[in-house]
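Undergrad: sequence and computational prediction follow.
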Amino acid sequence: MKATFYIMSLIRNTIVTLTIMMIFPVCITSCIEEEEFDNSPHGNFDALWKIIDEHYCFFEYKHQAYGLDWNEVYNKYKVRVSNDMTSDQLFEVMADMLAELRDGHVNLSRSADFARYWKWHENYPANFSDTLQRIYLGTDYKIAAGMKYKILDDNIGYIYYGSFASGVGEGNIDEVLNRLMLCRGIIIDIRNNSGGLLTYAERLAARFAQESTLVGYISHKTGKGHDCFSKPEEQRLYPSSNIRWHKNACVLTNRHVYSAANEFVKYMKCFANVRIVGDNTGGGAGLPFNSSLPNGWAVRFSACPMYDNKGNSTEFGIAPHHKVDITDSDFRKGKDTIIEYARKLLKEK
Amino acid sequence: MTQIRKRYVRTALRKTATTLAAALCTVAGAQHCRTHDIPELSHCESSGKIITTSYSIGIGTTEILDTYLSQEHFSGTGITFLATSDRIRPGRKWSTTVQHQANLSATHDRADNFDELEGSYNFFWGRMRNWYLCDSHLRLQAGATGNTGIGFIYNISGGNNPAQARFHIDVRPAASAAYRFDIGRCRITAGYSFDMALAGLMFSPNYGQSYYEIFSRGDYDRNIVPTTAVSMPYFRQQLTVDINVGRKLSLRAGYLGDYQQSHVNSLKQHIYSHRFMIGFIKRFRITGYRP
């Protein structure tokens, strides 16, 4: 009986001691937490505004460009939010708020909708037509990963790369350039290419670099402040050790050229044997990041700004060497004015 | 003459000191053997090692916050594997501990729209001072542990920030207590241990820096950050109950709480894991062979 009492007492004391020992370190260890917003219209609105406020990278640039003031934007749209509004109404308010950033990389998505700002191409001529391209490519073109290519009648090589989301390997580029080796020049048509992976853009552009070439700068945010940025780091393209293109080339662009495709144009514009033909590119010079809201909606925003080799932002696009639009008369004749201009340019050189 | 006397006195003093020291050592050695009179460690031989190894697996909840990936908290379930090894030479006060801990968790946000996967491996190596009290029923340990950890958090919705790579090394004070008692014929050991990161180094992107910049372009910017107990308050604790089922085998059940936190480069991260652990402990002895 005495022994049982002793054991019970011992167990009790041990449990008390261990509990104190467990609680003590927890008390002296501080918790690292982040403010969590309510899953309500107000909470979701504030969460979205804060994510953009702390991570978006073009506030300073756009303040100078068109007077963007993110605090004013908050006041303007916050009054439209109420806790009894429907999710459709909340989505509309949030989409309108994000549109103030005028950035194609800024999106809000949910299962029923995708908020976007596409005025950078919607407000301009398309300058690209599937119908016309079919006339040039015909049906006997070749496909190497993400690239379609063909030798045109006047011995000009034509490559269409519609998306940098489609991968292309060094072997693919070797094969394509090898087959176009005897051409007088090549056309790289990236119209309607709205981006993808920078790696593919760099891989293709490196075939035109004959020496280490400064093509731009890249930076990133180092803190929550709108002006907290790292020192811009040089972006250099080094000559590929595979087949390189030494002859003349034209890159065809329109307003739908965006993001990684915009970067490709930025790279190619640095080479003396390359001419950019067509319309301004759409821009999109911020590497996009993703985040999410309390209600599960996904948000995307520009996080790392990129600049051209003179330190200028290409967020609102890059001007071509030769501004050319597809004319109605050429369209009716089944001719792509931009391709024809590039062919003429390559034959003249 | 004076010099001869001095030399004689010195020699006498030296001999006395040596004799006293030998006597003290003998008493201390005897006391040591007595105080180490835990059945598992009742070896007074100077050769050989006593190795206690345990293998546990646990399941429980995980909560993840990583502001590089999302401002949202993710919660879910995870599993942990923990292997520990404690080596001590009979009669010595210092032991060496080695631990391998692997975690894998699947979590989701509160709207259940996005998932995050977390995986990590941690290696611990420590030296612990041992005290035996209460007639060797209570064993206390205190010392320092070095930890190296690698891991990842993968957010399935991320574009250019889909994942967070994790790497850290740190030094942490550690302590443990184990109390042995009998209930009937059953021998039970209740133990508690904790360790807390004091200082170290960890990898982190610099706030909005992309992995494309770090790994594809090689643009480093404060990516290896010195840490302290304030900026990286990692804390781990374990509460265990071991029940002897054989002379050298015990079954273990317990709780493992691993609270990994950091606040560097203006990025906040925490991974709180709570696990119910079960496993077994095996003790064996390596005897030194002397031909």
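TA: That came through, no problem.
Undergrad: residue nearest the centroid of the chain?
TA: No chain specified, so I'll use chain A. Centrality entry for chain A: nearest residue to the mean C-alpha point is A:Ser259, 3.7 Å, by C-alpha atoms, centre = their mean.
Undergrad: wait, chain B
TA: To find the centre residue of chain B, average its C-alpha atoms and take the closest one (C-alpha atoms, centre = their mean): that gives B:Phe124, at 5.4 Å.
Undergrad: sticking with that residue, tell me its helix or strand.
TA: Using DSSP states H and E, B:Phe124 maps to strand B:115-133.
Undergrad: now swap in B:Ser262 and tell me
TA: Following DSSP H and E, the helix or strand that holds B:Ser262 is strand B:249-264.
Undergrad: all strands of the stretch 101-250 of chain B, in order?
TA: In chain order, the stretch 101-250 of chain B shows strands spanning B:115-133, B:138-155, B:163-183, B:186-196, B:199-203, B:224-228, B:235-244, B:249-264, with DSSP state E, counting those that start in this stretch as the criterion.
Undergrad: would JSON lines of those strands with mean pLDDT be doable?
TA: Below are the strands of the stretch 101-250 of chain B laid out as JSON lines (pLDDT from 0 to 100):
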{"stretch": "strand B:115-133", "mean pLDDT": "97"}
{"stretch": "strand B:138-155", "mean pLDDT": "97"}
{"stretch": "strand B:163-183", "mean pLDDT": "96"}
{"stretch": "strand B:186-196", "mean pLDDT": "95"}
{"stretch": "strand B:199-203", "mean pLDDT": "97"}
{"stretch": "strand B:224-228", "mean pLDDT": "97"}
{"stretch": "strand B:235-244", "mean pLDDT": "96"}
{"stretch": "strand B:249-264", "mean pLDDT": "96"}
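Undergrad: want to throw these into a markdown table with distance to chain A?
TA: For the C-beta atoms, the positions are set from N, CA and C on the backbone; glycine is no exception. Below are these laid out as a markdown table (distance: least, C-beta to the nearest C-beta, whole Å):
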| stretch | distance to chain A |
| --- | --- |
| strand B:115-133 | 10 |
| strand B:138-155 | 8 |
| strand B:163-183 | 6 |
| strand B:186-196 | 5 |
| strand B:199-203 | 13 |
| strand B:224-228 | 12 |
| strand B:235-244 | 5 |
| strand B:249-264 | 4 |
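Undergrad: these into a markdown table, with extra columns for distance to A:Asp174?
TA: Below are the strands of the stretch 101-250 of chain B laid out as a markdown table (distance: least, C-beta to C-beta, whole Å):
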| stretch | distance to A:Asp174 |
| --- | --- |
| strand B:115-133 | 37 |
| strand B:138-155 | 34 |
| strand B:163-183 | 32 |
| strand B:186-196 | 55 |
| strand B:199-203 | 36 |
| strand B:224-228 | 38 |
| strand B:235-244 | 53 |
| strand B:249-264 | 44 |
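Undergrad: of all residues in chain A, which one is closest to chain B?
TA: Minimum separation of chain A from chain B (C-beta to the nearest C-beta) falls at A:Gly296, amounting to 2.8 Å.
Undergrad: which residues touch that residue?
TA: Shown here is A:Gly296, whose contacts under the criterion C-beta atoms under 8 Å, 6 or more residues apart in numbering or on different chains are A:Arg110, B:Asp109, B:Arg110, B:Ala111, B:Asp112, B:Asn113, B:Phe114.
Undergrad: is it true that the residue nearest to the centre of chain A touches A:Trp120?
TA: No. Checked against C-beta atoms under 8 Å, the pair A:Ser259 and A:Trp120 is beyond contact range at 10.9 Å.
Undergrad: shared neighbours, the two?
TA: A:Gly104, A:Gly284.
Undergrad: how about the residues of the stretch 1-150 of chain B near chain A?
TA: Contact residues, the stretch 1-150 of chain B versus chain A (C-beta under 8 Å from any C-beta of the partner chain): B:65, B:67, B:69-73, B:109-114.
Undergrad: mind running it again at 10 Å?
TA: Residues of the stretch 1-150 of chain B found near chain A, taking C-beta under 10 Å from any C-beta of the partner chain as the criterion, are B:65-74, B:108-114, B:134, B:137-138.
Undergrad: same question for the helix or strand encompassing A:Tyr77: list its buried residues.
TA: Take DSSP H and E as the rule and A:Tyr77 turns out to sit in helix A:70-78. Applying a neighbour-count criterion of 16 or more other C-beta atoms under 10 Å in any protein chain shown, one finds A:Trp70, A:Val73, A:Tyr74, A:Tyr77 buried in helix A:70-78.
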